[in-house]
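Undergrad: quick one: sequence and predicted model below, then my questions.
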Amino acid sequence: MASVLIDNPPINLRDMPLIEELTRLGTELEADDAVRVVVFSSADPDFFIAHADVTLIQQIPVAEVARPESLSFFHQAMEKFRTMPKVTIGNISPSVLFQLRRYRLYARLLLRWLAGSRIRTGRT
């Protein structure tokens, strides 16, 4: 088993150094046959992994570009974890779980409002 602690203060922002480290780690774990399970946890109890670094988003061209032929650097890193033959587990703190439930509820309420209450969702 491999334990991975995500520690990129202050909010575990998904910036280029973190993406590069995840890419390196993915390659390492993929090649290690002794590792069958990977458990991810966060050093910050209030954030697991935050959104992408806004400066990276601002670098995306505004003009329409041709559809890419291959995955971006970030997506290649995530695809490595998705396809490696290992169990991956996210050890998420209770405060993060509470935030996720709250956002899920907000999203459902917004969808109901947008649809004029014509849709129904399951329990929260």
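TA: Arrived safely, thanks for sending.

Undergrad: contacts only, for residue 76.
TA: Remark: with contacts taken as C-beta atoms under 8 Å, 6 or more residues apart in numbering, residue 76 is in contact with 23, 70. C-beta: built from backbone N, CA, C; applies to glycine.

Undergrad: quickly find the element holding it.
TA: With secondary structure defined by DSSP states H and E, residue 76 is part of helix 73-83.

Undergrad: mind listing what's buried along that helix?
TA: Residues of helix 73-83 classed as buried: 74, 77, 80-81 (neighbour count, 16 or more other C-beta atoms under 10 Å).

Undergrad: what angle do whichever helix or strand residue 38 is part of and helix 73-83 make?
TA: Here residue 38 sits within strand 37-42, counting by DSSP H and E. Orientation of strand 37-42 against helix 73-83 (axes from the mean of the first three to the mean of the last three C-alpha atoms, to 10 degrees) gives an angle of 130 degrees.

Undergrad: and the contacts of the following helix or strand past the helix holding residue 76?
TA: Elements were assigned by DSSP H and E; along the chain past helix 73-83, the next helix or strand is strand 87-91. Residues from elsewhere that reach strand 87-91 (C-beta under 8 Å, 6+ apart): 36-41, 48, 81.

Undergrad: now for these: which two are most distant?
TA: For the contacts of strand 87-91, with distances taken as C-beta to C-beta, the pair at the greatest spread is 36 and 48 (22.5 Å).

Undergrad: give me the more crowded residue out of the two.
TA: Neighbours per residue, other C-beta atoms under 10 Å: of residue 36 and residue 48, the larger number sits with residue 48, 20 against 11.

Undergrad: pull the CA atoms of the helix or strand bottoming out on mean pLDDT in the chain into PDB?
TA: Of all regular secondary-structure elements in the chain, judged by mean pLDDT, DSSP states H and E, the least confident is helix 94-114 with a mean of 73. As requested, the backbone C-alpha atoms of helix 94-114 are provided in PDB (Å, rounded to 0.1, in the frame of the first residue of the first chain):
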ATOM      1  CA  PRO A  94     -15.400  15.100   7.700                       C
ATOM      2  CA  SER A  95     -15.300  18.900   7.100                       C
ATOM      3  CA  VAL A  96     -14.600  18.300   3.400                       C
ATOM      4  CA  LEU A  97     -17.400  15.800   3.300                       C
ATOM      5  CA  PHE A  98     -19.800  18.300   4.800                       C
ATOM      6  CA  GLN A  99     -18.800  20.900   2.200                       C
ATOM      7  CA  LEU A 100     -19.300  18.400  -0.600                       C
ATOM      8  CA  ARG A 101     -22.800  17.600   0.700                       C
ATOM      9  CA  ARG A 102     -23.600  21.300   1.000                       C
ATOM     10  CA  TYR A 103     -22.500  22.000  -2.600                       C
ATOM     11  CA  ARG A 104     -24.400  19.000  -3.900                       C
ATOM     12  CA  LEU A 105     -27.600  20.300  -2.200                       C
ATOM     13  CA  TYR A 106     -27.000  23.800  -3.700                       C
ATOM     14  CA  ALA A 107     -26.500  22.300  -7.100                       C
ATOM     15  CA  ARG A 108     -29.800  20.300  -6.800                       C
ATOM     16  CA  LEU A 109     -31.700  23.400  -5.700                       C
ATOM     17  CA  LEU A 110     -30.200  25.400  -8.600                       C
ATOM     18  CA  LEU A 111     -31.200  22.700 -11.100                       C
ATOM     19  CA  ARG A 112     -34.800  22.700  -9.700                       C
ATOM     20  CA  TRP A 113     -35.000  26.400 -10.000                       C
ATOM     21  CA  LEU A 114     -33.600  26.400 -13.600                       C
END
